[in-house]
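Chemist: Please find the sequence and the predicted model below.
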Amino acid sequence: MASGYLRLARSGSLEALKRASFICWYAQVEPPCFTGLGDIDDDQVLQAKELMARRFESGEADDEYAAMVGWYERIADWWFGEMGTVPRLSARIRELTCLACPSDECDASEWAGRGAMGAYFPSMTRRDPKRREAVRVMTGGRRCSRPWDPVGARARPTIGDHGATARGLLRSWMAGSLPLSWHGVIRMSRVMVVAALVALMGVSSMAQAPEVPLFVFASPDAAAGWQAVNDGVMGGVSDGRFRITERQTLEFHGTLSLENNGGFASVRSRPRTLGLQTGDTLVVRVRGDGREYQLNLYASGQGRAFSYRAPLQTRSGEWIEVAVALDRFEATSFGRVLRGAGPVDPRSVTSIGFLLAEKTPGPFLLEVAWVKVLRGPGR
């Protein structure tokens with residue numbers, strides 16, 4: 001299970017690294033009766049920790065991942081004490097992370113579609129003033145420097161916040177940092193019993209689904225599967241082109257013009273069956289010029305000007321990964337949002353594309369490394 005995520009993480013997927021880190025941490029911190037996970041190979045755990053360390057050292061860990069790792073460190077700091085070749089990571093985490101639970105600022109629905117990791121973090125949150133105040137005091141009021149953008153999808157109910165505490169309490173008691181009192185014993189017994197009940201109710205059975213490559217650009221004929229569609233179809237004069245680079249990426253470039261009532265340029269895949277499913281999330285790795293592009297879905301049986309869109313804000317010169325759940329795409333026609341059109345039917349999607357329709361004329365450049373599908377729970 002972790003090996004698939006580690007393989008994707010080594011290729012640059014931050015979402016895969018988040019999941020691999022969670023699986024390795026969760027499997028070693030909590031009992032199998034709660035997690036539903038077997039023993040994790042020590043080499044896989046070490047790989048996850050090394051990739052984690054590289055992300056932090058290079059400054060490529062986003063706020064969500066920082067909050068996640070900070071949470072892991074607070075629940076079970078001993079896990080970071082067994083770092084082997086990366087012993088300095090624990091101190092680095094304390095410097096960089098904000099220690100509130102990552103789900104404290106998010107609805108549970110924003111975590112659905114992310115497997116057991118997406119079930120775990122919302123279950124840690126109790127939405128009441130007392131817990132909010134406890135979190136604020138416990139973390140010294142620290143929060144992330146900017147809001148993260150977790151993958152959004154339909155909510156999956158989760159229960160229980162006791163399981164994450166059971167192993168930590170037991171280790172603390174054995175280490176002597178938890179006094180041997182009836183209060184401590186009763187609390188530890190309660191959380192372990194509840195953890196077992198939660199496992200029996202099925203929370204631990206949630207599947208960890210992998211990312212499935214949808215478009216890569218390594219083959220010599222990759223360009224044949226794509227086409228440019230610009231405002232020339234409406235009389236405009238924008239120039240949008242694409243090419244497959246020696247880096248095995250798709251480069252979409254050109255000049256946007258507002259003349260003749262134009263103002264858009266796009267590149268899209270040629271129609272074919274994509275095999276998307278309900279609950280899927282699209283993940284793209286792109287490097288742009290700071291402009292806001294649109295990630296488009298084209299469905300069979302719809303007009304040429306109809307598409308489902310989601311914003312794709314780039315950072316100038318930086319590689320980023322953007323994940324968008326299918327139910328976050330909005331139906332549009334001629335660039336206008338169609339209220340009440342309903343969500344996209346994943347089975348009808350036959351093409352995806354990247355569109356620039358900003359009202360700022362001039363040159364543009366967007367480079368796409370790959371497009372992947374993150375399967376929903378149980379798929």
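Modeler: Cool, the structure landed. Residues are numbered from 1 along each chain as shown.
Chemist: how about low-confidence regions in the protein?
Modeler: 1, 33-34, 81-110, 112, 124-210, 303-304, 377-379 (pLDDT under 70).
Chemist: For it, just list every one of the helices.
Modeler: With helices called from DSSP state H, the chain shows them at 2-10, 14-29, 32-35, 42-57, 63-75, 89-96, 115-123, 129-138, 163-175, 182-200.
Chemist: Which strands or helices does the second one pack on?
Modeler: On a contact count with 3 or more Cβ pairs under 8 Å, 6 or more residues apart in numbering; DSSP states H and E, helix 14-29 meets helix 2-10, helix 42-57, helix 63-75, helix 115-123, helix 163-175, strand 319-325. For glycine as for every other residue, the C-beta is placed from the backbone atoms N, C-alpha and C.
Chemist: got TSV for these, with mean neighbour count and distance to residue 22 too?
Modeler: Shown next, in TSV, are the helices and strands packed on helix 14-29 (neighbours: other Cβ atoms under 10 Å; distance: least, Cβ to Cβ, whole Å):
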stretch	mean neighbour count	distance to residue 22
helix 2-10	19	9
helix 42-57	18	9
helix 63-75	21	7
helix 115-123	24	4
helix 163-175	18	12
strand 319-325	19	16
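Chemist: Among those, which comes closest to residue 227?
Modeler: Proximity to residue 227 (Cβ to Cβ) singles out strand 319-325 among the helices and strands packed on helix 14-29, at 22.1 Å.
Chemist: pull the CA atoms of the closest one into CSV?
Modeler: Only the C-alpha atoms of strand 319-325 are listed here, as CSV (Å, rounded to 0.1, in the frame of the first residue of the first chain):
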residue,chain,number,x,y,z
TRP,A,319,6.3,23.8,-10.2
ILE,A,320,3.1,23.2,-8.3
GLU,A,321,0.5,20.4,-8.0
VAL,A,322,-3.1,21.3,-8.0
ALA,A,323,-5.9,18.8,-7.1
VAL,A,324,-9.5,19.5,-8.0
ALA,A,325,-12.4,17.1,-7.2
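Chemist: That strand pairs with which strands, and in what direction?
Modeler: The partner list of strand 319-325 in its sheet, established with DSSP bridges, is strand 281-287 (antiparallel).
Chemist: how close does residue 293 sit to residue 358?
Modeler: 8 Å (Cβ to Cβ, to the nearest Å).
Chemist: whoops, I mixed them up, residue 69
Modeler: Residue 69 is 36 Å from residue 358, where distance means Cβ to Cβ.
Chemist: same deal with residue 218?
Modeler: Distance, residue 218 to residue 358, using Cβ to Cβ: 30 Å.
Chemist: more neighbours, those two?
Modeler: Neighbours of residue 218 and residue 358, each counted by other Cβ atoms under 10 Å, are more numerous for residue 358; the result is 16 against 9.
Chemist: Identify the spatial nearest neighbour of that one, chain neighbours not counted.
Modeler: Spatially, and ignoring its direct neighbours in sequence, residue 358 is nearest to residue 291 (5.7 Å; Cβ to Cβ, 6 or more residues apart in numbering).
Chemist: Test my guess that the one you found contacts residue 360.
Modeler: Yes. Between residue 291 and residue 360 there is a contact under Cβ atoms under 8 Å: 7.4 Å.
Chemist: domains of this structure?
Modeler: 2-208, 212-374 (automatic domain parsing).
Chemist: Do me a favour and get the end-to-end distance for the shortest one?
Modeler: This stretch, domain 212-374, spans 6 Å end to end (Cα to Cα, to the nearest Å).
Chemist: How about stretch 286-296?
Modeler: Stretch 286-296 end-to-end distance (Cα to Cα) = 14 Å.
Chemist: who touches that stretch?
Modeler: With contacts defined as Cβ atoms under 8 Å, 6 or more residues apart in numbering, stretch 286-296 is touched by 266, 268, 282, 284, 307-320, 322, 324, 329, 352-358, 360, 364-369.
Chemist: Which of these fall within strands?
Modeler: Cross-referencing the contacts of stretch 286-296 against strands under DSSP state E gives 266, 268, 282, 284, 307-313, 319-320, 322, 324, 352-356, 364-369.
Chemist: and these, which are buried?
Modeler: Burial by neighbour count, 16 or more other Cβ atoms under 10 Å: within the ones in strands among the contacts of stretch 286-296 this picks out 266, 268, 282, 284, 307-310, 312, 320, 322, 324, 352-356, 364-369.
Chemist: Good, wrapping up.
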